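Novice: following is a predicted model, sequence given first.
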Amino acid sequence: MSFDETLAERLRPLFQGKYKTTEKKMFGGLAFMVNGHMCCGIVGTNLVVRTGLDAFDHALKRPHTRPMDFTGRPMKGFVYVAPAGYRLGRDLKSWTQLGLDFVLSKPPK
């Protein structure tokens, strides 16, 4: 599966120079790893956000979201955000911050 390169170009500046970030091919798409933990990614045109369990239910109440079901079974702690949910820059930044809040609470790998 491919990923939305335009979305990747929008995400990169949100991490640049602020965090130890690497990009890794995962889930048939692209993942942004912060301190060795997956923060967010792209599968097709969907943004994937790692919310962790505590923020998962709240994230699913936001528009244009659903549980990540890459394997056919929903994965708790990860949500898909459809393109309409990250169209605006402020929305993309908000989703990215949610992922960062979770991974920055973890010790670096």
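Specialist: Yep, it's here.
Novice: okay, now the unreliable bits of the chain?
Specialist: 1 (pLDDT under 70).
Novice: all helices of it, in order?
Specialist: Using DSSP state H, the helices of the chain run over 5-15, 52-60, 89-103.
Novice: now distance to Val81 and mean neighbour count too, for those helices, in JSON lines please.
Specialist: From N, CA and C alone the C-beta is placed, and that goes for glycine too. Converted to JSON lines, the helices of the chain look like this (distance: least, CB to CB, whole Å; neighbours: other CB atoms under 10 Å):
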{"stretch": "helix 5-15", "distance to Val81": "10", "mean neighbour count": "15"}
{"stretch": "helix 52-60", "distance to Val81": "9", "mean neighbour count": "14"}
{"stretch": "helix 89-103", "distance to Val81": "6", "mean neighbour count": "18"}
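Novice: leaving out sequence neighbours, find the closest residue to Met26.
Specialist: Leaving aside its chain neighbours, Met26 sits nearest to Gly41 (6.3 Å; criterion: CB to CB, 6 or more residues apart in numbering).
Novice: that neighbour: how many residues sit nearby?
Specialist: Close neighbours of Gly41, defined as other CB atoms under 10 Å, add up to 27.
Novice: mind listing what it touches?
Specialist: Neighbouring residues of Gly41 by CB atoms under 8 Å, 6 or more residues apart in numbering: Phe3, Met26, Phe27, Gly29, Leu30, Ala31, Phe32, Leu47, Val48.
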